[in-house]
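Participant: what would the 3D arrangement of this be:
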Amino acid sequence: MGAAATVFIPEDTWISLEVIEAEPVSLIAIFPEPGFEEYMRAISVREGQLNTPISKPELDAFRSQHSHAVNYK
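Facilitator: I've put the predicted structure just below:
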């Protein structure tokens, strides 16, 4: 993607971002429900940690804890 790009990320899609240019990057995220950003923080990799897949039981637990913001069955 380039300058002024818009990207739609479908539900249940895992993403990562790598900046390969020297220019600063501005990123705006629009969340579908209040509190969704807390859910995103819970399932994100912390700085300095390895990116390892979340197991189905772990993901279900995160979704249960944030059910007010995540409408998964």
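Participant: and the longest helix along the chain, average pLDDT?
Facilitator: For the chain, the helix with the greatest residue count under DSSP state H is helix 56-65. Averaged over helix 56-65, pLDDT sits at 87.
Participant: return the set of buried residues in that helix.
Facilitator: By neighbour count on 16 or more other CB atoms under 10 Å, the buried set for helix 56-65 is F62, R63. Heads up, the C-betas are built off the backbone N, CA and C, glycines and all.
Participant: so how far is that helix off the chain centroid?
Facilitator: Centroid displacement of helix 56-65 relative to its chain, using CA atoms, centre = their mean, to the nearest Å, is 14 Å.
Participant: using CSV, write out every CA atom in it.
Facilitator: Only the C-alpha atoms of helix 56-65 are listed here, as CSV (Å, rounded to 0.1, in the frame of the first residue of the first chain):
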residue,chain,number,x,y,z
LYS,A,56,-8.3,-21.8,20.2
PRO,A,57,-9.0,-22.1,23.9
GLU,A,58,-6.9,-19.0,24.6
LEU,A,59,-8.7,-17.0,21.9
ASP,A,60,-12.1,-18.2,23.2
ALA,A,61,-11.1,-17.0,26.7
PHE,A,62,-10.1,-13.6,25.4
ARG,A,63,-13.3,-13.3,23.4
SER,A,64,-15.3,-14.3,26.5
GLN,A,65,-13.6,-11.7,28.6
